[in-house]
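Q: I'll drop the sequence and a predicted model, then ask my questions.
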Amino acid sequence: NRVDEVLEKAAREGRSVWKYTADLKLGQLARLWETGHHEAVADFFPMRIVSLLEVFCRRWLAQIIDHGSPFLERGPGLVPDMKFDYAVAQALQGQRITVGRLIAHEVPLNNVGDMSNHCGRLIEHDFFVKLAAMRDPFGPESMADGRPMIADIDDLKRTLVRLFSVRHIVTHESPE
């Protein structure tokens with residue numbers, strides 16, 4: 001059932017500081033790639049990167065929804081046909097799972113459009129427009145002049161679309 005699936009995922013995630021885990025794991029993948037020790041497993045890189053993005057996105061969706069109003073009210077719009085059975089109601093009442101975790105577990109994240117749509121719906125703005133405007137107040141001095149954290153948001157979107165596409169091909173169309 002869905003409750004067990006959500007709880008099993010939470011148990012596998014552990015108590016890591018997940019906000020930094022994806023960055024750390026992406027860094028490990030980059031170092032592995034740069035050292036040239038990736039040839040035998042190169043096809044798995046897109047799969048792993050997309051998995052990290054998906055987990056990161058789901059965790060943020062859950063945290064934002066669980067933050068409360070107004071995001072809690074917007075959360076059900078991400079999965080409009082979601083039904084609650086008795087087990088789900090019982091788990092929510094007993095605080096074994098949160099509404100945010102349940103919704104984040106149910107949303108499809110198969111492509112960049114899914115990620116953008118879900119995040120955009122929660123913040124009621126175009127996700128990539130908001131992302132393009134982000135500045136890092138704690139970033140390196142080179143960003144102190146107000147330059148964006150992401151220099152070319154369109155290039156980022158193209159790269160993500162290609163990454164999801166390659167992951168799909170490697171996973172579903174050429175599994176050998």
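A: That came in fine, so what should we check first? Small disclaimer: the values here were computed from a predicted structure and weren't measured. Numbering: from 1, shown residues only.
Q: Please pull up the helix or strand immediately following the helix or strand encompassing residue 27.
A: Element membership for residue 27, per DSSP states H and E: helix 18-34. Under the assignment DSSP H and E, the closest C-terminal helix or strand after helix 18-34 is helix 44-67.
Q: Need the contact partners of that next one.
A: If you take C-beta atoms under 8 Å, 6 or more residues apart in numbering as the criterion, helix 44-67 is touched by 13, 18-19, 22, 25-26, 29, 33, 38, 71-72, 74-75, 78, 98-101, 103-105, 107, 109, 115, 118-119, 122, 160, 163-164, 166-167, 170-171. C-beta here means a position set from N, CA and C on the backbone, and glycine is covered the same way.
Q: And the buried ones among these, selectable in ChimeraX?
A: Remark: buried members of the contacts of helix 44-67, expressed as a ChimeraX selection using 16 or more other C-beta atoms under 10 Å:
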select :22,25,29,71,72,74,75,78,98,99,100,101,103,104,105,107,109,115,118,119,122,160,163,164,166,167,170
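Q: Tell me how many other residues crowd the residue nearest to residue 133 when sequence neighbours are not counted.
A: Spatially, and ignoring its direct neighbours in sequence, residue 133 is nearest to residue 148 (6.8 Å; C-beta to C-beta, 6 or more residues apart in numbering). Using other C-beta atoms under 10 Å, residue 148 has 14 neighbouring residues.
Q: So residue 148: helix, strand or coil?
A: Taking DSSP: H, G, I helix; E, B strand; the rest coil as the rule, one finds residue 148 in the coil state.
Q: I figured it hits residue 135, correct?
A: Yes. Assessed by C-beta atoms under 8 Å, residue 148 is found in contact with residue 135 at 6.3 Å.
Q: how far away is residue 123 from residue 171?
A: Distance of residue 123 to residue 171, computed by C-beta to C-beta, to the nearest Å: 30 Å.
Q: swap that for residue 87, please
A: Distance, residue 87 to residue 171, by C-beta to C-beta: 31 Å.
Q: which stretches of the chain aren't confidently modelled?
A: 13-23, 37-40, 136-146, 175-176 (pLDDT under 70).
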